[in-house]
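Chemist: quick one, what's the 3D model for this:
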Amino acid sequence: MEDILKIAAENPIIPVVKLERAEDATMLARALCKGGICCMEITFRTAAAKDAIKKVAEEVPEMLVGAGTVINAGQVEDAVEAGAKFIVSPGLSEEVVKKCQELDVICLPGCVTASEIMKAKSLEIGVVKFFPAQTSGGIKAIKALAATFGDMKFIPTGGINTENICAYLENSFIAACGGSWMVKESDINAGNFEEITKKAQEALTLVRGCGR
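Modeler: I've put the predicted structure just below:
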């Protein structure tokens, strides 16, 4: 199993992608890697997700591809079968966590409360997704939780953009951030992959400027 903190250190910004067509996955992955970002989360919000993950895993091996919006054990199995290296869930599901542990794949459950973090810790989870970040209190809320749970690391996602990402990444308890501004559906659907490469380069330059 990959080490999530090592992945986060190497990829401080993780693009969160929704794909309507699996055939767009390969070009998108190549565009992101060309821009310097070789880690992406493909969400299970569409029927194309499993095939999209499979295409990336097989055709762009340099891209570390994970599955997002995973809400049950069946989706974990589908994602891992397709080649996903990590599983991201919007909430904390014991079913999802235990299936990930059974299949020896990284699990990032969504947690925004102390009770959820306590449950995650009881399941031997050391890094959680803080989602939806901005509407759940943003960096102020995470700071309060981090003060109590000093050994927990967070990957905030939801409402992260160029204006606020540094406010997150300047804190040591933030492992990485998830974002979607560099992978807009309009660019993907139009096949505007050069623009995605440009935005990936700009995003990487930005997070490096945040000290990452």
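Chemist: burial count for residue 47?
Modeler: By other Cβ atoms under 10 Å, 11 other residues sit near residue 47. (C-beta placed from N, C-alpha, C; glycine too.)
Chemist: what is the least confident helix or strand in this structure?
Modeler: Within the chain, no helix or strand scores below helix 4-10, which has a mean of 92 by mean pLDDT, DSSP states H and E.
Chemist: contacts for it, please.
Modeler: Contact partners of helix 4-10, identified using Cβ atoms under 8 Å, 6 or more residues apart in numbering, comprise 39, 64, 86, 106, 108, 126-127, 153, 155, 175-176.
Chemist: and the helix or strand hosting residue 56, what does it pack onto?
Modeler: Assigned by DSSP states H and E, residue 56 belongs to helix 49-59. Under the contact definition 3 or more Cβ pairs under 8 Å, 6 or more residues apart in numbering; DSSP states H and E, helix 49-59 sits against helix 25-34, strand 39-43, strand 64-68, helix 73-82.
Chemist: switch to 10 Å and redo it
Modeler: Counting contacts by 3 or more Cβ pairs under 10 Å, 6 or more residues apart in numbering; DSSP states H and E, helix 49-59 is packed against strand 13-17, helix 25-34, strand 39-43, strand 64-68, helix 73-82.
Chemist: wait, which of those is closest to residue 95?
Modeler: helix 73-82 (5.1 Å; Cβ to Cβ).
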